[in-house]
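Visitor: okay, structure incoming, though there's no sequence with it:
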């Protein structure tokens, strides 16, 4: 079997994994959260406004403080939104899964497990100095 055929099979198997399905559902919920998307849009707009204010030869301190306060409020609103939290957590789980897959592929190619800097995963045989 060709390597690309095997890669396609691996890709399909990964796509079928429950973590990928959870990520897709979480992404959809995040993207369909109109209140959250409005906050994200305003956050980006406020960031642009702050950048423009800082570019001025004499930025208005009151405007800068007002924009920074609004950005801070929006930031907390965004990161505390349940759909953002779920999406972020699902993305972290997929990233960890993909790192495991890549580590296994690397091991199969080189015969060596990549160092995770957590020597409990290799029994201390990775040569990592603490």
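Guide: Perfect, thanks for sending it. No experiment lies behind these values; they were computed from the predicted model shown. Numbering: from 1, shown residues only.
Visitor: got the contact list for the residue nearest the centre of the chain?
Guide: Centroid-nearest residue in the chain, with Cα atoms, centre = their mean: residue 91, separated by 5.5 Å. Residues near residue 91 by Cβ atoms under 8 Å, 6 or more residues apart in numbering: 23, 26. (Each C-beta comes from the backbone N, C-alpha and C, glycine too.)
Visitor: mind listing the helices for this protein?
Guide: 3-15, 18-32, 34-55, 61-79, 82-110 (DSSP state H).
Visitor: compute the inter-axis angle for the longest one and helix 3-15.
Guide: I take that to be helix 82-110. 150 degrees (axes from the mean of the first three to the mean of the last three Cα atoms, to 10 degrees).
Visitor: point out where this structure drops to low pLDDT.
Guide: Counting by pLDDT under 70, the chain contains low-confidence residues at 116-130.
Visitor: give me the neighbour count for residue 63.
Guide: Neighbourhood size, residue 63 [other Cβ atoms under 10 Å]: 14.
Visitor: these two touch, right, it and residue 56?
Guide: No - between residue 63 and residue 56 no contact is recorded; they are 9.3 Å apart, counting by Cβ atoms under 8 Å.
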